[in-house]
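[1] got a sequence here, can you model it:
(2 chains)
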Amino acid sequence: MDWASVLVDGILATIGPITAAYAISAIGLNLQFGYAGLLNFGHVAFMLVGAYGTAITVDLGGPLWLGIIVGILAAALLGLLLGLPTLRLRADYLAITTIAAAEVIRLLVRSSWAQPLTNGVFGIQGFADSFFDLNPFPPSQLYGIGSLIVTGRKLWVMLVGWTLVMLLTLLIRRLIKSPWGRVLKAIREDEDATISLGKNVFAYKLQALMIGGSIAGIAGILLAVEQQNVTPDAYLPKITFILYVIVILGGAGTILGPVVGAVVFQFLFFTIDALMVNAQANIGWVGDLLTPAAAGQIKLVLVGVGMMVLMIFRPQGVLGNREEVLIDER
Amino acid sequence: MSADHPMAGVAPEPGVHKPDPVLISNGLQRSFGGLHAVDIDHLEIQRHTVTSLIGPNGAGKTTLFNLLTGFDKPDAGEWHLDGGALVGIAAFRVARRGMVRTFQLTRSLARLTVMDNMLVAAKDNEGEGLWGSLTGGWHATERANEQRASGLLVRFGLDHMANEYAGGLSGGQRKLLEMARALMMEPEVVMLDEPMAGVNPVLTQSLLSHITGLRDGGKTVVFVEHDMDVVQEISDWVIVMAQGRVIAEGPPEIIAKNPAVIDAYLGAHHGEAAE
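    Residues are numbered from 1 along each chain as shown, chains lettered A, B, ... in the order given. Modelled structure (predicted):
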């Protein structure tokens, strides 16, 4: 059993651009769910719309920077379209609408009807060359400390990804620590009370949905750019629920919660993955007992157990305030 | 009631005109299915008074509150606050215009501190706009609001709790916080929906003195109450509702003897049964 390599694999995956993208998406969800109390169960759709907005724009001959702007605006527009009819109603309606809309959008994008634009199930590839042209690091050179080694290409995406995480965290911090953020938290606690205090609750909820959606759009664009690939079936509903796990794990309604949640989740996930692979290769009876397919299933079970243990001992998440969780809401 | 009281000489009858009404409603109607929850021809609330709204359960008191404050839409009718029409105005705008309500079940914003509960109620904070929150420049307003909030918290005996979560307050403290929070908006009219419900007798006295304090500070108070003793003690005027209608109004000492009111509370045939 090579424990060092298990740890190295786990850490490498954790610091990678995918974690940064999940952290960004979780920052958007945290604004909606953790601060405004909005139940958006279709968060993955905002990532899809962002990614496809970018890919299609470039595919039609536009420059990448324009594609990125189109992607972000398209995600904000989705927030507007979903929010306008539902945010005046009870919270459940937003939940139902978003979960359905997310699947409808994915199926629409992969349908043969949309194929001229989206290329259906095959998706769009190779639209981010101009992003990698900007890479100051030679793409195939290796960079690293000790055993933690990444290519110049990956380092470039990591640098951009984690810079975005930092900037968006600072943006959210500024918003939340302002009176605007206080109104958002008031809405989470009690909508009618906030209306009775003269606040335009509908407008605030719409803003939160649109800003959080645009941030998810940025996450979707980052993922698509790093993989130079968008395919509809990468945007399954389970992504939304992984993001909820990340937000709750890190501490919903805390500023750094989504980032910490993404790091902890990805570390657990990939370290357990590396552990299973390593055990299969190096411990004879494990290799005899488990097929790779079964190992994949057991990995998910172990991740689930890990989450449950965390939630039992820290229901407020890693960064949350225990006192807040214990308040009974009369 | 002394002769120089503003309500002196106003006839104790439903829909009567008052010398200086702040709130006027005409033809207000609201039905739920076949039930006429509110059906009031004309109603006026005198400025700078404590007016209590009483009536048996289901009389339509809370529905009337909801209609007047924009939380529910009437089937017909119109009403004015200080001359400004409020028909079709969203509830949050009604609050901004100066008519603030509280709720029957206290609505403290549990996971906000007591101070934040107060600050969120302040009007015209430029930091509450998306753009304003990003550009900053709201800190001066915030300081001024904090000062005013601290003053109110002292007045309501909550200053030592300013940095606690509102969810950690006792039931009575939440009532006080809700009242203090409403005052943060500098309202003209304060509508209190059963402020005394589920409150111990000592706190009831404290709440009552705060209510009369509001009037003496130049506010108009309308409040829903069941307990006739409480109503007698502090009201300048009493409006009695039953089955969606105003069946009587007048000074408390006259209302207490009004046979229509006694009928509404005890049933129409109590007198005959006793004979």
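[2] need the contact list for the closest residue in space to residue B:46 that isn't next to it in sequence.
    Distance criterion CB to CB, 6 or more residues apart in numbering or on different chains; nearest residue to residue B:46, sequence neighbours excluded, is residue B:18 at 4.3 Å. The C-beta positions use only the backbone N, C-alpha and C, and glycine is treated the same way. Listed by CB atoms under 8 Å, 6 or more residues apart in numbering or on different chains, the contact set of residue B:18 reads B:7, B:10, B:44, B:45, B:46.
[3] and for residue A:239, the neighbour number?
    Around residue A:239 there are 19 other residues, counting by other CB atoms under 10 Å in any protein chain shown.
[4] how about residues contacting stretch A:295-309?
    So stretch A:295-309 is contacted by A:245, A:249, A:268, A:269, A:272, A:273, A:276, A:277, A:280, A:290 (CB under 8 Å, 6+ apart).
[5] and those residues near chain B, which?
    Among the contacts of stretch A:295-309, no residue lies close to chain B (CB under 8 Å from any CB of the partner chain).
[6] from those residues, which is closest to chain B?
    Nearest to chain B, judged by CB to the nearest CB, of the contacts of stretch A:295-309 is residue A:249 at 19.0 Å.
[7] show the pLDDT at residue A:277.
    Here the pLDDT value assigned to residue A:277 is 81.
[8] state the helix or strand in which it lies.
    For residue A:277, the host element (DSSP states H and E) is helix A:257-282.
[9] and that helix, how far out from the chain middle?
    17 Å (CA atoms, centre = their mean, to the nearest Å).
[10] what residues of that helix count as buried?
    By neighbour count on 16 or more other CB atoms under 10 Å in any protein chain shown, the buried set for helix A:257-282 is A:257-280.
[11] elements contacting that helix?
    Counting contacts by 3 or more CB pairs under 8 Å, 6 or more residues apart in numbering or on different chains; DSSP states H and E, helix A:257-282 packs against helix A:3-14, helix A:17-29, helix A:237-250, helix A:284-289, helix A:292-313.
[12] what's the angle from it to helix A:3-14?
    If you take axes from the mean of the first three to the mean of the last three CA atoms, to 10 degrees, helix A:257-282 sits at 140 degrees to helix A:3-14.
[13] run a quick neighbour tally on the residue in the stretch 151-275 of chain B that chain A sits nearest to.
    Chain A sits closest to residue B:167 of the stretch 151-275 of chain B, with a gap of 3.4 Å, by CB to the nearest CB. Residues contacting residue B:167 under the criterion other CB under 10 Å number 20.
[14] if we can go back for a sec, tell me the one of the contacts of residue B:18 nearest residue B:106?
    Nearest to residue B:106 out of the contacts of residue B:18 is residue B:45 (CB to CB; 23.7 Å).
[15] now that closest one: which helix or strand?
    Per DSSP H and E: residue B:45 is located in strand B:35-46.
[16] how about the helices in chain B?
    Taking DSSP state H as the test, the helices found in chain B are B:61-68, B:91-97, B:114-121, B:130-135, B:139-155, B:171-184, B:201-216, B:228-234, B:252-255, B:259-266, B:270-274.
[17] quote the end-to-end distance of stretch B:83-99.
    13 Å (CA to CA, to the nearest Å).
[18] quick one: it to chain centroid distance?
    Computed by CA atoms, centre = their mean, the separation of stretch B:83-99 from the middle of its chain amounts to 15 Å.
[19] buried residues in that stretch, which are they?
    For stretch B:83-99, the neighbour count (16+ other CB under 10 Å) marks B:86, B:89, B:91, B:92, B:94, B:95, B:96, B:97, B:98, B:99 as buried.
[20] what sits up against it?
    Residues external to stretch B:83-99 that are found in contact with it (CB under 8 Å, 6+ apart): A:195-201, B:23, B:68-71, B:73, B:77-82, B:101, B:123, B:185-189, B:191.
[21] columns mean pLDDT and distance to residue A:112 on top of the helices and strands packed on helix A:257-282, output as a markdown table?
    A markdown table is the format used below for the helices and strands packed on helix A:257-282 (pLDDT from 0 to 100; distance: least, CB to CB, whole Å):
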| stretch | mean pLDDT | distance to residue A:112 |
| --- | --- | --- |
| helix A:3-14 | 89 | 36 |
| helix A:17-29 | 97 | 29 |
| helix A:237-250 | 93 | 22 |
| helix A:284-289 | 76 | 44 |
| helix A:292-313 | 81 | 31 |
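[22] need the winner for burial among these.
    Mean neighbour count (mean count of other CB atoms under 10 Å in any protein chain shown) peaks for helix A:17-29 among the helices and strands packed on helix A:257-282, with a mean of 28.
[23] so which other helices or strands are in contact with the helix or strand following that one?
    Downstream of helix A:17-29, the first helix or strand assigned by DSSP H and E is helix A:43-59. Packing partners of helix A:43-59 (3+ CB pairs under 8 Å, 6+ apart): helix A:17-29, helix A:64-86, helix A:91-110, helix A:115-118, strand A:124-125, helix A:201-227, strand A:229-230, helix A:237-250.
[24] residue A:31 reaches residue A:211, doesn't it?
    Yes. Counting by CB atoms under 8 Å, residue A:211 is a contact partner of residue A:31 at 6.1 Å.
[25] could you give the number of residues near residue 145?
    This is for chain A. Look at residue A:145: counted by other CB under 10 Å, it has 6 neighbours.
[26] look at chain B instead
    Residue B:145 has 22 neighbours, counted by other CB under 10 Å.
[27] residue B:119 is in contact with that one, correct?
    Yes. Counting by CB under 8 Å, residue B:145 touches residue B:119, with 5.5 Å between them.
[28] overlap in contacts, these two.
    Counting by CB under 8 Å, 6+ apart, the residues touching both residue B:145 and residue B:119 are B:125, B:184.
[29] tell me the buried residues in stretch B:165-179?
    B:165-169, B:172-179.
[30] how about the closest residue to residue A:205 other than its chain neighbours, what does it touch?
    Excluding the flanking residues, the one nearest residue A:205 by CB to CB, 6+ apart is residue A:87, at 4.6 Å. Applying CB under 8 Å, 6+ apart to residue A:87 gives the contacts A:38, A:94, A:202, A:205, A:206, A:209.
[31] try it again with 7 Å
    Residues near residue A:87 by CB atoms under 7 Å, 6 or more residues apart in numbering or on different chains: A:94, A:202, A:205, A:206.
[32] count of neighbours near the second one?
    When neighbours are defined as other CB under 10 Å, residue A:202 has 17 of them.
[33] repeat that for the third one.
    Using other CB under 10 Å, residue A:205 has 24 other residues around it.
[34] same question for the first one.
    The burial count assigned to residue A:94 is 23, neighbours taken as other CB under 10 Å.
[35] nearest residue to residue B:245 other than its sequence neighbours?
    Closest residue in space to residue B:245, ignoring its immediate chain neighbours: residue B:39 at 5.6 Å, by CB to CB, 6+ apart.
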